[in-house]
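Peer 1: what follows is a protein structure lacking sequence information:
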């Protein structure tokens, strides 16, 4: 299928994705790689993590960095069911969730920020100054 | 209400999109549909009823820092799309919608004539 992804990735990541698509055997926990779905990117100054966790409030999401591992956890409550109602389709995730991401060695856990907007949690973790590319002037 | 496979052909439907997860509940007076649309702001959400078809479309809008290189992506398409067929007794003209924290809540009322009516049983 032809499409223009909005999350820019390199060729190797693209090949890995195709490999995944052709690997026929489905995971016992479903077709996704876990809940919530996550995108991770890097810039020279930071590591950017996006978690797609709809239907929460910021207070209900726990974000933690410990020993270079970022953990996102929380609980998504069941959709309220009115009295004498019938459920026809039930695909939305509910219950407890937890996902972890190993961060690179050069991160500075003390300068990280997290925000939640339109159901997407964005965690930005700064990388240490020393690890950032520096321009060396030639005299 | 049944799911419909989007038809090939019209240029609008050729655009690849994610299929949002939904939760559909029916009570005596209405059908309530919840759809997970994380990343879609209010102004990028489009809900329309055309004939018997209810179409949900939304664009993901996330500000990525400049020069960011993705190293892992599970959400790769910037849009959601899903089409449902409404049955006759549903009133497509009076659909109410609310989008909050990436979850859309749609209430589709049943037409007046389809509302349940209690018929008293009298002793003969």
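Peer 2: Sure thing, it's come through. It should be emphasised that the depicted structure is a prediction, and the values quoted were computed from it without experimental measurement.
Peer 1: give me the residue from chain B nearest chain A.
Peer 2: Per CB to the nearest CB, residue B:102 is where chain B lies closest to chain A, at 1.7 Å. Any C-beta I mention is one placed from the backbone N, CA and C, and that applies to glycine too.
Peer 1: burial count for that residue?
Peer 2: Here the count is done by other CB atoms under 10 Å in any protein chain shown, and residue B:102 has 25 residues near it.
Peer 1: from residue A:123, how far off is it?
Peer 2: As for residue B:102, its distance to residue A:123 is 16 Å (criterion: CB to CB, to the nearest Å).
Peer 1: over to residue A:135?
Peer 2: The gap separating residue A:135 from residue A:123 is 29 Å, by CB to CB.
Peer 1: ok, residue B:30 - contacts?
Peer 2: Residues in contact with residue B:30, defined by CB atoms under 8 Å, 6 or more residues apart in numbering or on different chains, are B:107-110.
Peer 1: which one of residue A:135 and residue A:123 has more residues nearby?
Peer 2: residue A:123 (24 against 5).
Peer 1: mind checking how far the helix or strand hosting the more buried one is from the chain centre?
Peer 2: In this structure, residue A:123 is located in strand A:120-127 according to DSSP states H and E. How far strand A:120-127 lies from its chain's middle: 9 Å, per CA atoms, centre = their mean, to the nearest Å.
Peer 1: quickly run through the sheet partners of that strand, with directions.
Peer 2: Strand A:120-127 has the following sheet partners, assigned by DSSP bridges: strand A:46-52 (antiparallel), strand A:107-117 (antiparallel).
Peer 1: I'd like these as JSON lines, with mean neighbour count appended.
Peer 2: Formatted as JSON lines, the strands paired with strand A:120-127 follow (neighbours: other CB atoms under 10 Å in any protein chain shown):
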{"stretch": "strand A:46-52", "mean neighbour count": "23"}
{"stretch": "strand A:107-117", "mean neighbour count": "14"}
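Peer 1: tell me how many other residues surround residue B:100.
Peer 2: So residue B:100, with other CB under 10 Å, has 13 neighbours.
Peer 1: err, residue A:35, not the other one
Peer 2: Per other CB under 10 Å, the neighbour tally for residue A:35 reads 19.
Peer 1: who touches residue B:47 in this structure?
Peer 2: The neighbourhood of residue B:47, defined by CB under 8 Å, 6+ apart, consists of B:54-57, B:95, B:97, B:104, B:106.
Peer 1: that should have said residue A:89, apologies.
Peer 2: B:22-24.
Peer 1: out of those, which touch chain A?
Peer 2: B:22-24 (CB under 8 Å from any CB of the partner chain).
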